[in-house]
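Novice: I would like the atomic coordinates for the input below:
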Amino acid sequence: MLSEEWKKYKLGDLAEITSSKRIFLSDYVEEGIPFYRSKEIIEKANGGEISVELFISEEKYFEIKQKFGAPVNGDLLIAAVGERAGIPYWVANDDDFYFKDGNLIWFKNFNKAAHSKFLYYYFRTKYGQLALESTMIGSAQRALTIIGLKNLEVNFPPIELQTEIVSILSSLDDKIELNLQMNKTLEAIAQAIFKEWFIDFRFPGSDGELVDGLPKGWTELPIGSLFTYNVGGDWGKEEPSVDFPIRVAIIRGTDFSNIQNGDISRVPIRYTKKGNLEKKKIENGDILLEISGGSNDQPTGRAIVLTDPILGLFDCPIVPASFCRLIRPFDFNHSTFLSTFFSRFYALGGTWEYQNQSTGISNFQFRYFSEDKKLALPNNDFIINEFGKTIRPLIEKQAFSIAQINNLTKIRDLLLPKLMTGKIKVA
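Specialist: This is a model prediction of the structure:
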């Protein structure tokens, strides 16, 4: 039961609730101030990288900002439309940006009775999400409205208690963010070493001499020569049956970023056949490569290497979804090399896809493995093995960091609803 100190408020009495001014397609420019739709805000809310970059001019931005304002630290944005409506994003340490009207609802100018981050955490609980759902309109396309949110009633404690609760939850978020930043640094180090050795050819033992543009003893080889095993994915069944008796986690390309951010909760648990599991069970050092963009506007080619600390987060075997390809290199050194290469290739905008003209879906072309895409590599495994030995500690640190993020997230999410509803008292 809530303490008598907790009071009921309408959200419209705690903050100004509004949206942005309309930005037209003709306002987009090649460079300038970032312009976010709900898709990009949700990516930021989930700790991921922005997959599609849109911009408006500085002149347009400052014109709007001067007349109507723009988001500042401490403001709150909520995705307003579609199946992901209700996902909140708390603005913090953001550079200038603007956002799409209709896609997002903007909470600003909070009064002294409300801490904006307390409301952010409230919307992340199941209670907050149910409250938001109660105001949604539409059936085929659910949507939040400004008027509905203004009239939504919430129970809030005194501002002093809100601040203490925010401090507890923020300390866990800060530790999670520290681990995420460390993993980005580790990835950058791995990429720098890859470039040094395999692009600039300044590898251990190099004498700097090139023959036809390659070091002595090097040649161009297809990517497919670096592994012996690859299989397609599975999708299984939602319910167990005689034919589908085995419970498995099925990793989709859309799960890659979540797993790297320590969140395994969104990976679907389904059921598969014994034969499928025997052929497709993911093992330590396996790489998953996304091979279909589905209906998303994101290109294919993302990859994730799965090691024991990550596999250990699941309480069941893991197989790839049908939009992914399981790649098993010769050994962990080759796995380290390939996963670093895939990440570099994707980050630099490389693509192995073609688009089906009838469906508009982008898919991976497997001939690139065996024919088109070749790499400059030494004729023996010495350099790849040395690279693996050098990079493996970085990958292991990343994996343990992901496991730690997962544990911190579980602690935070366990505390979150209890703190936000007064079930745990703050001394």
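Novice: can you pull the contacts of the residue nearest to the spatial centre of the chain?
Specialist: Residue closest to the mean C-alpha point of the chain, counted by C-alpha atoms, centre = their mean, is residue 257 at 3.1 Å. By C-beta atoms under 8 Å, 6 or more residues apart in numbering, residue 257 lies in contact with 43, 46, 47, 48, 49. Glycine gets a C-beta too; all of them are placed from N, C-alpha and C.
Novice: now do 6 Å
Specialist: residue 48 (C-beta atoms under 6 Å, 6 or more residues apart in numbering).
Novice: where's it, which helix or strand?
Specialist: Using DSSP states H and E, residue 257 falls within helix 256-260.
Novice: likewise for residue 408?
Specialist: helix 382-420.
Novice: any idea how far that helix is from the middle of the chain?
Specialist: 14 Å (C-alpha atoms, centre = their mean, to the nearest Å).
Novice: mean confidence for it?
Specialist: Averaged over helix 382-420, pLDDT sits at 92.
Novice: same thing with stretch 272-281?
Specialist: pLDDT averaged over stretch 272-281 gives 92.
Novice: and for stretch 11-25?
Specialist: Mean pLDDT, computed over stretch 11-25, is 95.
Novice: stretch 69-78 too?
Specialist: Here the average pLDDT along stretch 69-78 is 96.
Novice: end-to-end on stretch 218-238?
Specialist: 49 Å (C-alpha to C-alpha, to the nearest Å).
Novice: same question, stretch 8-16
Specialist: 17 Å.
Novice: show me what counts as buried in that stretch.
Specialist: 9, 11, 14, 15 (16 or more other C-beta atoms under 10 Å).
Novice: list phi and psi for the closest residue to the second one other than its chain neighbours.
Specialist: Across the structure, with C-beta to C-beta, 6 or more residues apart in numbering as the measure, the residue nearest residue 11 apart from its sequence neighbours is residue 152 (4.9 Å). Recorded main-chain torsions at residue 152 are phi -70, psi 130, according to degrees, to the nearest 10.
Novice: just the pLDDT for residue 152.
Specialist: pLDDT, read off for residue 152, is 96.
Novice: and for it, the neighbour number?
Specialist: Neighbours of residue 152 under the rule other C-beta atoms under 10 Å: 18.
Novice: mind checking how far it is from residue 392?
Specialist: Distance from residue 152 to residue 392, counting by C-beta to C-beta, to the nearest Å: 51 Å.
Novice: and for residue 181?
Specialist: For residue 181 relative to residue 392 (C-beta to C-beta), the value is 21 Å.
Novice: I'd like the buried residues of stretch 8-16 laid out as JSON lines, including secondary structure and distance to residue 72.
Specialist: As requested, those are exported to JSON lines (DSSP: H, G, I helix; E, B strand; the rest coil; distance: C-beta to C-beta, whole Å):
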{"residue": "9", "secondary structure": "strand", "distance to residue 72": "22"}
{"residue": "11", "secondary structure": "helix", "distance to residue 72": "19"}
{"residue": "14", "secondary structure": "helix", "distance to residue 72": "17"}
{"residue": "15", "secondary structure": "coil", "distance to residue 72": "13"}
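Novice: identify the farthest-apart pair in those residues.
Specialist: 9 and 15 (10.0 Å; C-beta to C-beta).
Novice: quick one on the thing from earlier: which elements pack onto the next helix-or-strand element following the helix holding residue 257?
Specialist: Proceeding N to C from helix 256-260, the next assigned helix or strand is strand 269-272, under DSSP H and E. In terms of contacts (3 or more C-beta pairs under 6 Å, 6 or more residues apart in numbering; DSSP states H and E), strand 269-272 is packed against strand 246-251.
Novice: can you give me the helices in the stretch 51-200 of the chain?
Specialist: 58-68, 116-123, 126-133, 146-151, 159-194 (DSSP state H, counting those that start in this stretch).
Novice: point out the most buried one among those.
Specialist: helix 116-123 (a mean of 23; mean count of other C-beta atoms under 10 Å).
Novice: show me what that one packs onto, helices and strands only.
Specialist: strand 88-90, helix 159-194.
Novice: and the first one, what's buried?
Specialist: Across strand 88-90, burial judged by 16+ other C-beta under 10 Å covers 88, 89, 90.
Novice: ok now it, how far from the chain's centre?
Specialist: 15 Å.
Novice: that one pairs with which strands?
Specialist: strand 76-79 (antiparallel) (DSSP bridges).
Novice: which residues sit against the strand it pairs with?
Specialist: 38, 41-42, 85, 87-90, 104-107, 116, 120.
Novice: thought residue 97 was touching residue 34?
Specialist: Yes: if you go by C-beta atoms under 6 Å, residue 97 and residue 34 touch, sitting 4.4 Å apart.
Novice: what's the separation between the closest residue to residue 269 other than its chain neighbours and residue 379?
Specialist: Distances taken as C-beta to C-beta, 6+ apart place residue 249 nearest to residue 269, at 5.7 Å, with adjacent residues excluded. Between residue 249 and residue 379 the distance, using C-beta to C-beta, works out to 40 Å.
Novice: when those two are compared, which one has more neighbours?
Specialist: Neighbour count, other C-beta under 10 Å: between residue 249 and residue 379, residue 249 has more, with 20 against 11.
Novice: re earlier: buried residues, the helix holding residue 257. List them.
Specialist: Under 16+ other C-beta under 10 Å, the buried positions of helix 256-260 are 256, 257, 258, 259, 260.
Novice: got JSON lines for those, with distance to residue 424 and pLDDT too?
Specialist: Output for those, formatted as JSON lines (distance: C-beta to C-beta, whole Å; pLDDT from 0 to 100):
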{"residue": "256", "distance to residue 424": "34", "pLDDT": "89"}
{"residue": "257", "distance to residue 424": "31", "pLDDT": "85"}
{"residue": "258", "distance to residue 424": "27", "pLDDT": "86"}
{"residue": "259", "distance to residue 424": "29", "pLDDT": "91"}
{"residue": "260", "distance to residue 424": "30", "pLDDT": "89"}
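Novice: wasn't residue 221 part of a strand?
Specialist: Yes: checked against DSSP: H, G, I helix; E, B strand; the rest coil, residue 221 lies within a strand.
Novice: who does it form a beta bridge with?
Specialist: Beta bridges link residue 221 to residue 375 when assigned by DSSP bridges.
Novice: doesn't residue 377 make contact with it?
Specialist: Yes: using C-beta under 6 Å, residue 221 makes contact with residue 377 at a distance of 5.0 Å.
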